[in-house]
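[1] sequence-free structure coming up:
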């Protein structure tokens, strides 16, 4: 399909383990966003990539969280030494240029830390 | 900072009832405003948007008008259907025209 895809769709891990979440944006979209949706909460912005510019990391909640993006394609969000409060749905979105344009969301990865 | 406040759910309605889901935002400038919808088991989808004051966004029978006087962007539909059952999120564009700030979401349940 032509939409944003994410993998895995579900991930269960033990406290203290590292996890990697993957996002494939829509082809040709230069902007990519990661958000987190905890139970009963709205979406929280985590990190934003725009082309080759330095990413906006202002939403990352701690230094255990990091993300990379290869060019204008795949992105991975890594959470090190996971904690139970990291349990959430992690959503990825992309947009054509990032300049106020519509963001298209993937289905999310549901992370459960035991 | 930027924030979006929307009414708590769940909102439960019978089919063909009138729907209003309230949304207000903090007034730093004149941000673009959005409603996203998340159907069961699916990802977020853009429902409608408005980019300046007094604009009306509309889609699938839903409407929302950008009211700068009341800093509101309430979602309305004249006659809801069972298939409208979903979680609705109000959002505003942040300065720099990049990221979005979302409300907590409002679950809508429509019964036949």
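    That came through fine. All values reported here derive from a predicted model rather than from experimental measurement. Numbering: from 1, shown residues only, chains lettered A, B, ... in the order given.
[2] quick one: contacts for residue 42?
    Using chain A. For residue A:42, the set of contacting residues under the criterion of Cβ atoms under 8 Å, 6 or more residues apart in numbering or on different chains consists of B:4, B:89, B:102-105. No exception for glycine: its C-beta is placed from N, CA and C like everyone else's.
[3] my bad, the chain I had in mind was chain B
    Residues near residue B:42 by Cβ under 8 Å, 6+ apart: residue A:107.
[4] who touches the helix or strand containing residue A:6?
    Counting by DSSP states H and E, the element that carries residue A:6 is strand A:5-7. Outside of strand A:5-7, the residues within contact range by Cβ under 8 Å, 6+ apart are A:21-24, A:90-92, A:106-109.
[5] tell me which parts of chain B are close to chain A?
    B:4, B:32, B:36, B:42-46, B:49, B:51, B:89, B:91, B:93, B:97-105 (Cβ under 8 Å from any Cβ of the partner chain).
[6] now with 6 Å?
    B:32, B:43-44, B:46, B:93, B:97-99, B:102-104 (Cβ under 6 Å from any Cβ of the partner chain).
[7] Out of these, which sit inside strands?
    Among the residues of chain B next to chain A, the members found in strands (DSSP state E) are B:44, B:46, B:93, B:102.
[8] From the centroid of chain A, which residue is nearest?
    Most central in chain A under Cα atoms, centre = their mean is residue A:34, positioned 3.2 Å from the mean C-alpha point.
[9] and that one, what does it touch?
    Contacts here follow Cβ atoms under 6 Å, 6 or more residues apart in numbering or on different chains; on that basis residue A:34 touches A:46-47, A:67, A:77, A:92.
[10] ok, and the most crowded of these?
    With neighbours taken as other Cβ atoms under 10 Å in any protein chain shown, the top of the contacts of residue A:34 is residue A:92, carrying 28 neighbours.
[11] Distance of it relative to residue B:62?
    To residue B:62, residue A:92 is 25 Å away according to Cβ to Cβ, to the nearest Å.
[12] ditto for residue B:36
    Spatial separation of residue B:36 from residue B:62 under the definition Cβ to Cβ is 11 Å.
[13] could I get the ones in strands among the residues of chain B next to chain A as JSON lines with pLDDT and distance to residue B:58?
    As requested, these are arranged in JSON lines below (pLDDT from 0 to 100; distance: Cβ to Cβ, whole Å):
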{"residue": "B:44", "pLDDT": "89", "distance to residue B:58": "19"}
{"residue": "B:46", "pLDDT": "93", "distance to residue B:58": "13"}
{"residue": "B:93", "pLDDT": "88", "distance to residue B:58": "19"}
{"residue": "B:102", "pLDDT": "91", "distance to residue B:58": "21"}
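[14] Identify, from those residues, the entry nearest to residue A:62.
    Distance to residue A:62, by Cβ to Cβ, is smallest for residue B:102 among those, at 20.7 Å.
[15] How about the closest one: which residues does it bridge to?
    residue B:91 (DSSP bridges).
[16] And residue B:34, by the same measure?
    On DSSP bridges, the residues paired with residue B:34 through beta bridges are residue B:49, residue B:91.
[17] and it, how many neighbours?
    Look at residue B:34: counted by other Cβ under 10 Å, it has 25 neighbours.
[18] Looking only at neighbour counts, state which of residue B:36 and residue B:62 leads.
    When neighbours are counted by other Cβ under 10 Å, residue B:36 comes out ahead of the other of residue B:36 and residue B:62, with 26 against 20.
[19] mind listing the strands in the chain by residue range?
    Picking chain A for this. According to DSSP E, the strands that chain A contains are A:5-7, A:10-13, A:19-24, A:31-37, A:43-50, A:65-69, A:75-79, A:88-95, A:104-105, A:109-113.
[20] wrong chain, I was asking about chain B
    Under DSSP E, chain B gives strands at B:4-6, B:11-14, B:19-21, B:23-25, B:33-38, B:44-50, B:56-59, B:62-65, B:75-77, B:86-93, B:100-102, B:106-111.
[21] Good, wrapping up.
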